[in-house]
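> with the sequence up front, the predicted model follows.
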Amino acid sequence: MDPIDAIGYVASQFAGGIAAALLLRALFGGVATGLGTPTLAHDLALGGVSLTITPVAGFIIEAVLAFFLVTVVLSTAVAGRAGNLAPLAIGMTLTFNILMGGALTGAAFNPARALGPMVATGKFDDAWLYMAAPIVGAIIAAILHTGLRWLAQEGIASGRMAETPAE
């Protein structure tokens, strides 16, 4: 993807997220529902313990969720190894991410998904976290995927390795 296409893709994602949140605000008659604005958990009851997610912990959780999603997309859909099962693997990863992170951080793991409701509600609490963490997680996943592909190619070239999990 060339840089112009990438910028257009990112701008389209942000525009879609904002438009969807504004539509929800119009349909629901206001912002009382929160419109899906991600928030860090405060006094979340887990058994007999009350848990509050700090911004640092929230950043790590959101980055890890994005890492898992991007790793699965790169390993299935992009690498082409999963065939018709790639959508199932991606959907199951999304489900796992939401179940794991929903109560803790809102499980946005996509800057456009987080920004839309923030714009519609005017609540930008921890916006930096929801913008930066998924990008960090995705970059780490891409570096790992690229590194494993390179190692696989080097191994094949030297005759030491036939295949790795990334290829």
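Received the coordinates, thanks. Numbering: from 1, shown residues only.

> switch to C-alpha atoms for all contacts and neighbour counts from now on
Noted.

> and the lowest-mean-pLDDT helix or strand in the chain, which residues are buried?
The helix or strand with the lowest mean pLDDT-type score in the chain, counting by mean pLDDT, DSSP states H and E, is strand 44-46 (a mean of 85). Neighbour counts over strand 44-46 (16 or more other C-alpha atoms under 10 Å) mark no residue as buried.

> which elements pack onto it?
Using 3 or more C-alpha pairs under 8 Å, 6 or more residues apart in numbering; DSSP states H and E as the contact criterion, the secondary-structure elements in contact with strand 44-46 are strand 49-51.

> how far out from the middle of the chain is the strand it packs on?
Averaged C-alpha coordinates place strand 49-51 at 25 Å from its chain's average position (C-alpha atoms, centre = their mean, to the nearest Å).

> what is the subsequent helix or strand relative to it?
Following the chain from strand 49-51 toward its C-terminal end, the next helix or strand by DSSP states H and E is helix 55-73.

> quick one: list the elements packing against the lengthiest helix in the chain.
Scanning the chain for the helix with the most residues, using DSSP state H, yields helix 127-158. Helices and strands touching helix 127-158, by 3+ C-alpha pairs under 8 Å, 6+ apart, are helix 55-73, helix 111-121.

> now render those as a markdown table, adding mean neighbour count and distance to Gly101.
Output for the helices and strands packed on helix 127-158, formatted as a markdown table (neighbours: other C-alpha atoms under 10 Å; distance: least, C-alpha to C-alpha, whole Å):
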| stretch | mean neighbour count | distance to Gly101 |
| --- | --- | --- |
| helix 55-73 | 22 | 7 |
| helix 111-121 | 23 | 14 |
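
> which stretches of the chain aren't confidently modelled?
In the predicted model of the chain, residues 156-167 satisfy pLDDT under 70.

> quick one on the thing from earlier: wait, which of the helices and strands packed on helix 127-158 is closest to Phe28?
Checking the helices and strands packed on helix 127-158 against Phe28 by C-alpha to C-alpha gives helix 111-121 as the closest, at 11.8 Å.
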